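Enquirer: need a 3D model of the sequence below.
(one chain, ligands or ions: 1)
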Amino acid sequence: MPLLETAEFINIPLDYLVVGGGAAGLTVAARLSELPGVTVGLIEAGTHETNVPQITTPGMIGSMIANPTYDWTFFSTPQPLANNRPVLQPRGKGLGGSTLINFTGVNRASKEELDAIEQLGNKGWNWDSLLHYMKKSEKTVPPDVSAETAQKFALTTDWSTHGSDGPVFKVYPKVLTEVQATIFDTFETLGVQRNPNANNGVNIGSLTTFSSVDPHTATRSSAYTAYYAPNAERPNFVVLTGAHVTKVVFEPTADGLQRAVGVEFVKDGTITTLTGIRRDVILAGGTFQTPQLLELSGIGNPDVLAKHNIKTVIDLPGVGENLQDHMYVPTVSEVQPHLETIDILWEEGQFAKYMGLYYAEKEGYLSTIPAPGFTLVPLHSLFTDSEREAWQARAKVESQVFLEKHTHPALRSAVEKQLDFQLKWFADRNQVQAEVLNFIGHQPIPGSTPVPGKRYTTLIIAIMHPLTRGSVHLASSDPLAAPAIDPNYFANPADFDLLLQLLKFTLKFYRTAPLGELFKANVLPPPEVAESGDEEALKEWVRQWVGPVYHPVGTAAMLPREDGGVVDPSLKVYGTSNLRVVDASILPFEISCHSQTVVYAVAEKAADIIKAEIA
Ligand SMILES: Cc1cc2nc3c(=O)[nH]c(=O)nc-3n(C[C@H](O)[C@H](O)[C@H](O)COP(=O)(O)OP(=O)(O)OC[C@H]3O[C@@H](n4cnc5c(N)ncnc54)[C@H](O)[C@@H]3O)c2cc1C
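Expert: Numbering: from 1, shown residues only. Coordinates of the predicted model:
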């Protein structure tokens, strides 16, 4: 049955109710609705009208950021150590969630990282099991390219670790440029090799990323197209959109647990209470809104709840804590004018020409993503040995200070255990600490646009395992208000030092042969910052430009309760009999990849855990 109106929706007896129709929510809902005799309802706050060119066209990725119809347009709280700036924190809104507005890159974390999730106390959540579910979610289409091209652009040679019959398409981008290959060559001169099989558990090195694009239509493959559209006619999968869930409704059970029986939601200004859920309520609102909804429902730190006059139903201090995301700063350089880049789209008549080519033949720059080249490096590539050892020593000391100053006592053991892994990985040449991502042209960045006729290359540079921990809590008891998102940038100064070092490395990298032969001029940071040799100017650049790479995790962490966890390994919220969280918020720490593939895997696995309980 397709989309319903409120009156119809609330009259259908539901076994499962999923809140949030993003990557995880649509996946778990679609999989549960495979069970005959089970009815699944899903409520999404945004729209179901997702068939718009800025969403579907791969070459237009990024263009829906800050569009309030499809992006919640959250801002962080002012960040004291980043010039007091509130920093944009985009989150997708609509059936498909952030997979409607994401950049479609698909890559994987390392085996050690995913195995560490299990070692933190989550039996069964490891590389082997998550690889199985990543494969289950994906339909990989191998490219038709020569062995020489495959080698040059580090395309995979081992297809056995890629899924072939899942619902989310995974393909290589069509436009692979000389600049990208030259970046890979330049990294090789610095000892960072191409790694065509970077999705196999050792993710260090240069690779062309896959992207979630349907090669037959040259359109975005999202949670909507993959998990909703093919199943929309199932009579036991019902969806209500434009409805914002504001609270979970509980009844106490005889054994002292809380049982989620339904939710309250607001649609078109009307508040409705839906009860009678026969099995589970599943929260899938994402890393920012799942903790918000838990707190609105009385689950969280009693001190936080009391500030908003919310009665504590379950004392769970980990709710909303442990926020982690990749942190980045942009860099752009002008390159030689003969090079192929997408800057041509800024020239008179060219955008229309390429749009025509895209619609007519599904070819050209708009048919493919413009950010194909990733290089993932260890600390060893950024520092000399003595510098690295000095930074690691500082990271250790500052992490202790951070623990003392900023960590809630109930979360201390979890943060300590995560730190043990992080400190070990910093010393490991095979563990990724930074990403250098090549956008084939001048990435549109507020305040800096390409000059027609010139050619550019962008290196987005990000640190992968930040040491700081932020939080997301209620900003107000108004359930429709945005939550207070505090990434706590640079509260651990070792993060600042590392991002600064990455920036210095990158500015030198642009001038290193063979890339140096293509380089013309610094654009971002501008020459007066990039070339001044003034350390303070570079520091100011980092403070002024730091932002997220849109992979926040950790705010409803799957960890033992005594470590401040929010959900157990079956993704049930502690203290409840049937409230689960299935989304990016359950990942206990940040991993060194873009997050959609692992979120799909989390939801695929969650569906199997829940199905096994019924069986
Ligand atoms: C701009 C951007 C670029 C990105 N680029 C990449 C990339 O290139 N590669 C990659 O791997 N990952 C990328 N990501 C990350 C990836 O998209 C996310 O990790 C993934 O979508 C998270 O899935 P989720 O289910 O946790 O949350 P979402 O996909 O964000 O879904 C949450 C859904 O819940 C809904 N919701 C929230 N609260 C409520 C409520 N109270 N009531 C009803 N509905 C509610 C929201 O509207 C949303 O639809 C990007 C993300 C963004 C924002």
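Enquirer: need the three-state assignment for Gly318.
Expert: With DSSP: H, G, I helix; E, B strand; the rest coil as the basis, the three-state label of Gly318 is coil.
Enquirer: how about it: what's its closest non-neighbour residue?
Expert: Computed as C-beta to C-beta, 6 or more residues apart in numbering, the closest residue to Gly318 that is not its neighbour in sequence is Gly564, at 3.8 Å. Yep, even glycine has a C-beta here, placed from its N, CA and C like the rest.
Enquirer: give me the residue from the stretch 1-150 of the chain nearest the ligand.
Expert: Gly22 (1.7 Å; C-beta to the nearest ligand atom).
Enquirer: neighbours around that residue, how many?
Expert: 31 (other C-beta atoms under 10 Å).
Enquirer: residues in contact with the nearest residue to it once chain neighbours are set aside?
Expert: The shortest distance from Gly22 to any non-neighbouring residue, by C-beta to C-beta, 6+ apart, is to Gly97 (1.9 Å). Gly97 makes contact with Gly20, Gly21, Gly22, Ala23, Ala24, Gly25, Leu26, Glu44, Gly46, Arg91, Ala223, Gly286 under the criterion C-beta atoms under 8 Å, 6 or more residues apart in numbering.
Enquirer: buried ones among the residues you listed?
Expert: Among the contacts of Gly97, those scoring as buried are Gly20, Gly21, Gly22, Ala23, Ala24, Gly25, Leu26, Glu44, Gly46, Arg91, Ala223, Gly286 (criterion: 16 or more other C-beta atoms under 10 Å).
Enquirer: isn't the third one up against Ile101?
Expert: Same thing as Gly22. No - under the criterion of C-beta atoms under 8 Å, Gly22 is not in contact with Ile101, lying 10.5 Å apart.
Enquirer: list residues touching both of these two?
Expert: Among the neighbours of Gly22, those also in contact with Ile101 (C-beta under 8 Å, 6+ apart) are Gly92.
Enquirer: doesn't Val248 lie inside a strand?
Expert: Yes - assessed with three-state DSSP, Val248 lies in a strand.
Enquirer: separation between it and Leu274?
Expert: Taken as C-beta to C-beta, to the nearest Å, the spacing of Val248 relative to Leu274 amounts to 11 Å.
Enquirer: follow-up on the earlier one: any figure for the gap between the residue of the stretch 1-150 of the chain closest to the ligand and Asn195?
Expert: From Gly22 to Asn195 the distance is 30 Å (C-beta to C-beta).
Enquirer: can you check Glu604 too?
Expert: 26 Å.
Enquirer: just want to know which of the two has more residues nearby.
Expert: Between Glu604 and Asn195, counted using other C-beta under 10 Å, Glu604 has the larger neighbour count: 24 against 20.
Enquirer: residue numbers of the stretch 1-150 of the chain in contact with the ligand?
Expert: 19-25, 43-46, 65, 90-94, 97-99, 101-106 (C-beta under 6 Å from any ligand atom).
Enquirer: re earlier: out of the buried ones among the contacts of Gly97, who's nearest Lys152?
Expert: Set against Lys152, the nearest of the buried ones among the contacts of Gly97 by C-beta to C-beta is Ala23 (32.0 Å).
Enquirer: isn't Asn126 up against Ile117?
Expert: Yes - counting by C-beta under 8 Å, Asn126 does reach Ile117; the two are 6.8 Å apart.
Enquirer: neighbour count: those two, which is higher?
Expert: Ile117 (26 against 16).
Enquirer: could you tell me the model confidence score at the more buried one?
Expert: For Ile117, the pLDDT comes out at 98.
Enquirer: again with Met1
Expert: Reading off the model, Met1 has pLDDT 62.
Enquirer: now do Ile485
Expert: 98.
Enquirer: number of nearby residues for Glu49?
Expert: Neighbours around Glu49, by other C-beta under 10 Å: 12.
Enquirer: wasn't it part of a helix?
Expert: No - read with three-state DSSP, Glu49 is coil and lies in no helix.
Enquirer: excluding its backbone neighbours, what's nearest it?
Expert: Per C-beta to C-beta, 6+ apart, closest to Glu49 is Gly94, 7.6 Å.
Enquirer: same check, this time on Ala521
Expert: Distances taken as C-beta to C-beta, 6+ apart put Glu334 closest to Ala521, at 4.5 Å, once the chain neighbours are dropped.
Enquirer: any idea which element that neighbour lies in?
Expert: strand 327-335 (DSSP states H and E).
Enquirer: who touches that strand?
Expert: Outside strand 327-335, the residues that touch it by C-beta under 8 Å, 6+ apart are 179, 341, 442-443, 445, 448, 454-463, 466, 487, 489, 495, 499, 503, 506-507, 510, 518-525, 541-542, 545-549.
Enquirer: quick check, pLDDT for the closest residue to Ala181 other than its chain neighbours.
Expert: Distances taken as C-beta to C-beta, 6+ apart place Lys152 nearest to Ala181, at 5.1 Å, with adjacent residues excluded. For Lys152, the model assigns a pLDDT of 98.
Enquirer: quick one: contacts for Lys152?
Expert: So Lys152 contacts Leu176, Ala181, Phe184 (C-beta under 8 Å, 6+ apart).
Enquirer: next, give phi and psi for it.
Expert: Main-chain torsions, Lys152, degrees, to the nearest 10: phi -60, psi -40.
Enquirer: so does the strand or helix carrying Arg580 get close to the ligand?
Expert: Assigned by DSSP H and E, Arg580 belongs to strand 579-581. No - using C-beta under 6 Å from any ligand atom, strand 579-581 never reaches the ligand; the gap is at least 9.5 Å.
Enquirer: now do that strand: which elements does it pack against?
Expert: Where contact means 3 or more C-beta pairs under 8 Å, 6 or more residues apart in numbering; DSSP states H and E, strand 579-581 is packed against strand 280-283.
Enquirer: please save the CA atoms from the strand it packs on in PDB.
Expert: The C-alpha trace of strand 280-283 is given here as PDB (Å, rounded to 0.1, in the frame of the first residue of the first chain):
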ATOM      1  CA  ASP A 280       8.600  -2.700  18.400                       C
ATOM      2  CA  VAL A 281       8.900   1.000  17.900                       C
ATOM      3  CA  ILE A 282      12.100   1.700  16.000                       C
ATOM      4  CA  LEU A 283      13.800   5.100  16.100                       C
END
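Enquirer: quick one: that strand near the ligand?
Expert: No - remark: strand 280-283 sits outside contact range of the ligand, by C-beta under 6 Å from any ligand atom, the gap being at least 8.5 Å.
Enquirer: got a list of contacts for that strand?
Expert: Against strand 280-283 from outside (C-beta under 8 Å, 6+ apart): 15-20, 25, 28-29, 248, 260-263, 290, 293-294, 556, 578-583, 606, 610.
Enquirer: and it, how far out from the chain's middle?
Expert: 22 Å (C-alpha atoms, centre = their mean, to the nearest Å).
Enquirer: can you give me the offset of whichever helix or strand Phe184 is part of from its chain's centre?
Expert: Per DSSP H and E: Phe184 is located in helix 178-189. Centroid separation for helix 178-189 versus its chain: 26 Å, with C-alpha atoms, centre = their mean.
Enquirer: residues from the stretch 401-550 of the chain in reach of the ligand?
Expert: The stretch 401-550 of the chain comes close to the ligand at residues Tyr550, as judged by C-beta under 6 Å from any ligand atom.
Enquirer: please enumerate the strands of the stretch 401-550 of the chain.
Expert: Along the stretch 401-550 of the chain, the stretches classed as strands by DSSP state E, counting those that start in this stretch are 434-439, 455-463, 471-473, 484-486, 519-524, 547-548.
Enquirer: ok, which of those comes nearest Leu571?
Expert: Closest among the strands of the stretch 401-550 of the chain, using C-beta to C-beta: strand 471-473, at 18.5 Å.
Enquirer: for that closest one, packing partners?
Expert: Looks like strand 471-473 contacts helix 286-296, strand 484-486 (3+ C-beta pairs under 8 Å, 6+ apart).
Enquirer: break down the stretch 101-250 of the chain into its helices, ranges please.
Expert: With helices called from DSSP state H, counting those that start in this stretch, the stretch 101-250 of the chain shows them at 111-119, 127-137, 147-152, 178-189, 223.
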